[in-house]
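> Fold the following for me, if possible:
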Amino acid sequence: MGPVGRLNPGATIGGYARNHGFRPHEIRELEKLVFQNRDFLVEKYYDYHRKNR
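A predicted model of the protein is given here:
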């Protein structure tokens, strides 16, 4: 498990943020950026793992 720990799908963004030192709006902004750039991130993820087998 990484430094952030395992995400709980039932947890609220606000609760997760408070437990890890982030403000809820910071987590929402990050979430928005991830969704906006999902295709790019998935492509780079697979590129990385193809090259590092």
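
> Just want to check the distance between residue 42 and residue 21.
If you measure residue 42 against residue 21 using C-beta to C-beta, to the nearest Å, the figure is 28 Å. Quick note: C-beta positions are derived from backbone N, CA and C, even for glycine.

> That should have said residue 46, apologies.
To residue 21, residue 46 is 31 Å away according to C-beta to C-beta.

> When residue 42 and residue 21 are compared, which one has more neighbours?
residue 42 (10 against 7; other C-beta atoms under 10 Å).

> hang on, residue 34 packs against residue 41?
Yes - shown here, residue 34 and residue 41 form a contact pair, counting by C-beta atoms under 8 Å, at 6.8 Å.

> Pick out whichever of the two has more residues nearby.
Set side by side, residue 34 and residue 41 give different neighbour counts by other C-beta under 10 Å, the larger being at residue 41 (13 against 10).

> Show me what the helix or strand that one falls within is packed up against.
When elements are assigned from DSSP states H and E, residue 41 belongs to helix 38-51. In this structure, helix 38-51 packs against no helix or strand, with contacts taken as 3 or more C-beta pairs under 8 Å, 6 or more residues apart in numbering; DSSP states H and E.

> mind saving the C-alpha coords of that helix as CSV?
Once side chains and other backbone atoms are set aside, the C-alpha atoms of helix 38-51 remain, and they are given as CSV (Å, rounded to 0.1, in the frame of the first residue of the first chain):
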residue,chain,number,x,y,z
ARG,A,38,-8.3,10.9,-18.3
ASP,A,39,-7.5,9.8,-21.8
PHE,A,40,-4.0,11.3,-21.7
LEU,A,41,-3.3,9.8,-18.3
VAL,A,42,-4.5,6.3,-19.3
GLU,A,43,-2.4,6.5,-22.5
LYS,A,44,0.7,7.5,-20.6
TYR,A,45,0.1,4.8,-17.9
TYR,A,46,0.0,2.1,-20.6
ASP,A,47,3.0,3.6,-22.4
TYR,A,48,5.0,3.5,-19.2
HIS,A,49,4.1,-0.1,-18.3
ARG,A,50,4.7,-1.4,-21.9
LYS,A,51,8.3,0.1,-21.8
